[in-house]
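S.K.: I'd like to go over a predicted model; first the sequence, then the structure.
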Amino acid sequence: MANKNETAKKVVGGVALGLVLVLAGGVCGGLLQRHFNWGEDPAVETPAGETANGGAIIGESQGSGARLMSTKIAAADYEEYGVSPMAETAYQLTATITPEYAEDKTVDWSVAFDNPSSAWATGKTVTDYVTVTPTSDGALTANVECLQDFGEQIIVTVTSRDNEEVSAECTVDYAKRIESAYLVGMGGEHIAESGNTWQTGMHDSFTETYIPQYATYTVNYTYSDYTVEDTFTMTATAQLDATFLSGLKNYANENASMETQYGQAIITGLSGEAKNPVYSGSQWYYTASSSGFFSLFYPNYGQPGTSAMKQALNMLVGYVKEQSADTVNAVDYEVTFTGTYSSYTLNFTQVLSKASLTYAVTGIELDEDSIIF
């Protein structure tokens with residue numbers, strides 16, 4: 001797929017004009033640069049650019065003889081502007097005819113694929129992706145609507161009715177965006193797509209021999225069609241569910257004894273703050289193991305011994321098994337992928353399954369202190 005990220009300069013009837021609109025993350029943005037071959041070149045003021053989620057990125061404008069300005073239309077104003085509620089994003093383009101005293105300033109607007117015979121565009125109808133609609137017959141303003149992602153650059157053209165050799169064109173691009181994402185565990189299991197849950201038990205292991213404290217995850221993506229490449233960086237947070245944390249601490253305090261005091265200290269010391277679950281690169285805290293769970297949320301994980309950790313695990317198991325529901329929400333994850341033009345956030349919740357939780361062994365006794373034969 002060609003990357004057409006550079007400003008297009010089209011020469012028609014002695015007027016050379018390049019205008020780029022970037023559509024990203026479901027948002028039509030823009031990178032506008034205009035050049036004209038004839039007349040003076042006064043500076044043209046353009047609005048400040050937005051980069052978040054594919055907002056407009058406006059370049060410097062220069063030239064005279066004709067101008068095109070773009071204004072983003074807020075979704076809340078679609079009805080007022082006559083924009084389809086199905087549009088991902090919309091812009092209003094304004095053409096300026098020169099000279100100013102020209103009597104007939106009516107124009108016609110059109111839209112077409114830059115290369116309709118490309119592998120992506122063949123057999124497709126451009127207006128299924130981008131439409132241009134004048135605000136009235138011959139008007140100098142028109143609404144450009146992005147209906148869905150596309151993989152071939154699109155050209156919007158405005159032409160003078162009085163002089164068909166005078167026209168201006170703008171290119172419309174769509175920036176690559178993430179449509180879905182999910183984590184894949186070491187065994188190939190999906191760790192939830194956005195809005196879903198990751199159901200686990202809590203493995204009784206405090207060593208990295210069988211159940212590692214850290215597990216390696218990969219991220220699988222589904223991308224949109226696009227004409228402009230983008231790259232994404234990942235940030236993540238994990239936070240104990242507030243109801244879960246409060247209930248667990250209360251349970252630990254109510255069921256503490258001399259034999260479980262160290263486990264109680266661990267439970268009551270669990271942090272409710274958001275933590276970074278990414279240990280290094282693609283290695284994440286494996287919160288389905290007791291080792292990973294406590295090392296992420298207990299600030300002094302290196303201090304308690306194994307016995308204390310097993311006491312804490314048993315309190316956690318006891319609390320979950322006491323609940324009426326089969327599963328309990330435990331950890332809320334938020335993973336954000338941020339690009340130049342758009343961002344995507346993956347939210348999922350780790351739920352602990354009562355049926356998958358088992359108590360750890362914390363002691364052993366014999367019925368006799370000694371045997372005499």
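M.R.: Received the coordinates, thanks.
S.K.: for Met315, see how far away Gly272 is.
M.R.: 17 Å (CB to CB, to the nearest Å). The C-beta positions use only the backbone N, C-alpha and C, and glycine is treated the same way.
S.K.: who has more neighbours, those two?
M.R.: Met315 (24 against 14; other CB atoms under 10 Å).
S.K.: neighbours of the closest residue to the more buried one other than its chain neighbours, how many?
M.R.: Spatial nearest neighbour of Met315, excluding adjacent residues (CB to CB, 6 or more residues apart in numbering): Ala252 at 4.8 Å. Neighbourhood size, Ala252 [other CB under 10 Å]: 24.
S.K.: dump the residue contacts of Ala252.
M.R.: 263-264, 267-268, 312, 315, 319 (CB atoms under 8 Å, 6 or more residues apart in numbering).
S.K.: return the subset of these lying in helices.
M.R.: 263-264, 267-268, 312, 315, 319 (DSSP state H).
S.K.: show me which of the contacts of Ala252 is closest to Ala74.
M.R.: When those are ranked by distance to Ala74 (CB to CB), Tyr319 comes first, at 47.0 Å.
S.K.: which residues touch the nearest residue to that closest one once chain neighbours are set aside?
M.R.: Leaving aside its sequence neighbours, Tyr319 sits nearest to Tyr251 (CB to CB, 6+ apart; 4.1 Å). For Tyr251, the contact set (CB under 8 Å, 6+ apart) comprises 267, 315, 318-319, 322.
S.K.: show me which of those residues are buried.
M.R.: Buried subset of these (neighbour count, 16 or more other CB atoms under 10 Å): 267, 315, 319.
S.K.: what does the model give the last one for pLDDT?
M.R.: On pLDDT, Tyr319 comes in at 95.
S.K.: repeat for the first one
M.R.: Per-residue confidence at Ile267 stands at 94 (pLDDT).
S.K.: can you give me the strands in the stretch 201-350 of the chain?
M.R.: Using DSSP state E, counting those that start in this stretch, the strands of the stretch 201-350 of the chain run over residues 214-216, 218-223, 233-240, 278-280, 283-285, 327-338, 343-353.
S.K.: and of those strands, who's closest to Asp173?
M.R.: Using CB to CB, the nearest of those to Asp173 is strand 218-223, at 14.9 Å.
S.K.: contacts for the closest one?
M.R.: With CB under 8 Å, 6+ apart as the test, strand 218-223 has contacts from 176-184, 234, 282, 335, 337.
S.K.: same check on stretch 271-287?
M.R.: 183, 200, 211-219, 234, 236-240, 242, 245, 292-293, 295-299, 330-331, 333, 350.
S.K.: what subset of those is buried?
M.R.: Looking at those with 16+ other CB under 10 Å, the buried ones turn out to be 183, 200, 211-215, 217, 219, 236, 238-240, 245, 292-293, 295-298, 330-331, 333, 350.
S.K.: pLDDT below threshold where in the protein?
M.R.: 1-70, 205-212, 300-304 (pLDDT under 70).
S.K.: thinking again about what came up before, and which of the contacts of Ala252 is nearest Ser356?
M.R.: Nearest member of those to Ser356, counting by CB to CB, is Tyr319, at 14.7 Å.
S.K.: before we move on, back to that, for Tyr359, state which of the ones in helices among the contacts of Ala252 is nearest.
M.R.: Met315 (10.0 Å).
S.K.: hang on, isn't that closest one packed against Asn250?
M.R.: No - between Met315 and Asn250 there is no contact under CB atoms under 8 Å: 10.9 Å.
S.K.: which residue ranges make up each domain of this structure?
M.R.: Structural domains assigned to the chain are 10-174, 178-356, following automatic domain parsing.
S.K.: turn those into TSV, including distance to Ile371.
M.R.: Converted to TSV, the domains of the chain look like this (distance: least, CB to CB, whole Å):
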stretch	distance to Ile371
domain 10-174	75
domain 178-356	27
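S.K.: what's next to the helix or strand harbouring Ile155, contact-wise?
M.R.: Assessed by DSSP states H and E, Ile155 sits inside strand 154-160. Contacts to strand 154-160, defined as CB under 8 Å, 6+ apart, come from residues 8, 10, 21, 68, 93, 95, 97, 104-114, 126, 129-130, 132, 142, 144, 166-173.
S.K.: again, only using 6 Å
M.R.: Outside of strand 154-160, the residues within contact range by CB atoms under 6 Å, 6 or more residues apart in numbering are 95, 107-114, 130, 132, 166-172.
S.K.: now the buried members of those residues.
M.R.: 95, 107, 109, 111, 113-114, 130, 132, 166-172.
S.K.: distance check, Gly195 against Thr287.
M.R.: Taking CB to CB, one finds Gly195 at 19 Å from Thr287.
S.K.: equivalent analysis for Leu240, please.
M.R.: 10 Å.
S.K.: before we move on, what about Ala76?
M.R.: 40 Å.
S.K.: repeat for Ser271
M.R.: 13 Å.
S.K.: more neighbours: these two, which one.
M.R.: Neighbour totals were compared for Ser271 and Thr287, and Thr287 leads with 26 against 13 (other CB under 10 Å).
S.K.: coming back round to it: can I get the strand holding Ile155 in CSV, CA atoms only?
M.R.: The C-alpha trace of strand 154-160 is given here as CSV (Å, rounded to 0.1, in the frame of the first residue of the first chain):
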residue,chain,number,x,y,z
ILE,A,154,-8.9,10.6,-2.6
ILE,A,155,-9.0,13.9,-4.5
VAL,A,156,-11.5,16.7,-3.9
THR,A,157,-11.8,19.2,-6.7
VAL,A,158,-13.5,22.6,-6.9
THR,A,159,-14.0,24.1,-10.4
SER,A,160,-15.2,27.5,-11.5
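S.K.: who does that strand pair up with?
M.R.: For strand 154-160, the paired strands and their directions (DSSP bridges) are strand 107-113 (antiparallel), strand 167-175 (antiparallel).
S.K.: after the longest one, next one along is what?
M.R.: Sequence-wise, the next helix or strand downstream of strand 167-175 (DSSP H and E) is strand 178-184.
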